[in-house]
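J.: Quick one, what's the 3D model for this:
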Amino acid sequence: MAYRLQLLKGLFRSTHELAQLSQAEKIRGLWTKFSLLILISVLLSLLAGALGIQSESISAYLADFDIYTYEWLKLLFAAGSGLAGLLLPFFFIFIPALLFWTFLELEFKKLVALQCITFSIYLIEFALLIAWNVFFSIPRDSSPFSLGVAAQYITENMIVIRFFSFISIFQIWILVIQYRFLRTSQTRKPHFVFFMVLLIGLAFWILATLFTSIHVENLF
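T.: Modelled structure (predicted):
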């Protein structure tokens, strides 16, 4: 059976789409959709960089430069954001797919298709966070979609707050879709699949926390 990858249907009609993906002998449109996700990721990252989102830590240092240097550094920041947006899909899609393929012995191409669907959720969250930041001046750490706000009532440690800011309803949505597909597509016990999905999710949140907590201002 040939299956044409449908990203939006995979999100909102996940039971039907994941069942078809699991039974598919051939997947059509995979690399076209993958390329589209890369393009959207780069555009959103460039937009976030151009708007100065997540540049709060270096803004005070940039103010000390003359206007030409300031604009040049802003351009470099936006370019760096675009580069991150280019690399992120490869990391988000292929690393988990490779781990699932190694331990669960499923067809790698199906796992890439699964990760393309879940990366669409990440991009939806990213777009909403940009809008939330632009219109309400609320950063990721205070996003109403995540546990970041709750963490701020418990601790003042920014690393801990940032970690919990990555645990959002969208990230849980991603874990649920991954678990549902993997549970029905192979013979290992559901507990093993659950803990593997959870551990990969935790690893992603930890790496994202460390990456976004780098003190870029020390470079200036």
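J.: For the rest of this, base every contact and every neighbour count on C-alpha atoms.
T.: Fine.
J.: Go through the longest helix belonging to the chain and flag the buried ones.
T.: Across the chain, the helix with the greatest residue count (assigned by DSSP state H) is helix 67-104. Across helix 67-104, burial judged by 16 or more other Cα atoms under 10 Å covers 70, 74, 77-79, 81-82, 85-86, 88-89, 92-94, 96-101, 104.
J.: Report the distance from the helix or strand where residue 204 lies to the chain centre.
T.: Per DSSP states H and E: residue 204 is located in helix 190-212. Distance, stretch centre to chain centre, for helix 190-212: 12 Å (Cα atoms, centre = their mean, to the nearest Å).
J.: One more: stretch 183-193?
T.: In terms of Cα atoms, centre = their mean, the centre of stretch 183-193 is found 24 Å from the chain centre.
J.: So which bits of that stretch are buried?
T.: The neighbour-count check on stretch 183-193 (16+ other Cα under 10 Å) flags 183, 185, 193 as buried.
J.: Okay, the spatially most central residue of the chain and residue 15: tell me how far apart.
T.: In the chain, the centroid-proximal residue (Cα atoms, centre = their mean) is residue 122; its distance is 4.2 Å. Remark: distance between residue 122 and residue 15 (Cα to Cα, to the nearest Å) = 19 Å.
J.: about what we covered before: just checking, which of the buried residues of stretch 183-193 comes out lowest on pLDDT?
T.: Scanning those for pLDDT, the smallest score is found at residue 185, 72.
J.: pretty sure that one is touching residue 20, no?
T.: No: counting by Cα atoms under 8 Å, residue 185 does not reach residue 20; the two are 10.8 Å apart.
J.: Not counting sequence-adjacent ones, nearest residue to the residue nearest to the centre of the chain?
T.: Using Cα to Cα, 6 or more residues apart in numbering and skipping the chain neighbours, the partner closest in space to residue 122 is residue 170 (6.9 Å).
J.: Quick check: that neighbour is in a strand.
T.: No: per DSSP: H, G, I helix; E, B strand; the rest coil, residue 170 lies outside any strand segment and is helix.
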